[in-house]
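Pasting the sequence and the predicted coordinates here, then a few questions.
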Amino acid sequence: MRMTVEEKLRVSKETIAEFCRKWKIAEFALFGSILRDDFRPDSDVDVPVDFDAQATPSLFDFVEIEEELSRLVGRSIDLVGKSGLRNPSRRHEILRTRQVIFAA
C-alpha cells in the first residue's frame, strides 16, 4: 500500500499550515522523491516555498526556517525559494511536478 505524502512527512497539514503562517509562507509545496516511489528513510525533503509579498526573510531566517522544518519532520530539508529558481529548466521541472501542501 502506498503511503500518502502526509504519512511520509509524519506531520499533519494543519501543522504545516501553522508553520507557514508563522513564517509568512504563501505557498508550501513538495517535489522530488517524496512524491515518488523512490523515497527512502534517508531521503531529504525538497520544499519550494513562496513568501507573502510583505515578507522579506533574510538568509538567517531562511536557515532558521529550514532547521525548524527539519526538526518538525525529522528529516533533512532542502528549502528552495521559488523566487531564487533562476535556472529555467530546473524552475519549470519543479513547478511542473510539485504538489502544493499549503496555499494562503
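Ah, there it is.

Can you show me the strands along the protein?
Counting by DSSP state E, one finds strands in the chain at the ranges 25-30, 45-51, 77-81, 99-103.

can you list those strands in CSV and add distance to Asn87?
Glycine gets a C-beta too; all of them are placed from N, C-alpha and C. Shown next, in CSV, are those (distance: least, Cβ to Cβ, whole Å):
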stretch, distance to Asn87
strand 25-30, 17
strand 45-51, 13
strand 77-81, 11
strand 99-103, 21
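
Format these as CSV; extra columns: mean pLDDT, distance to Glu67 and mean neighbour count.
Shown next, in CSV, are the strands of the chain (pLDDT from 0 to 100; distance: least, Cβ to Cβ, whole Å; neighbours: other Cβ atoms under 10 Å):
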stretch, mean pLDDT, distance to Glu67, mean neighbour count
strand 25-30, 96, 15, 20
strand 45-51, 95, 13, 21
strand 77-81, 93, 8, 17
strand 99-103, 96, 19, 14
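
For stretch 25-35, give me every contacting residue.
Contacts with stretch 25-35, where a contact means Cβ atoms under 8 Å, 6 or more residues apart in numbering, come from 5, 8-9, 16, 19-20, 39-40, 43, 45-53, 55, 65, 78, 82, 94, 97-104.

Compare the strands of the chain and give me the one nearest Leu69.
Leu69 lies closest to strand 77-81 among those, at 4.9 Å (Cβ to Cβ).

Enumerate every residue touching Arg96.
Going by Cβ under 8 Å, 6+ apart, Arg96 touches no other residue.
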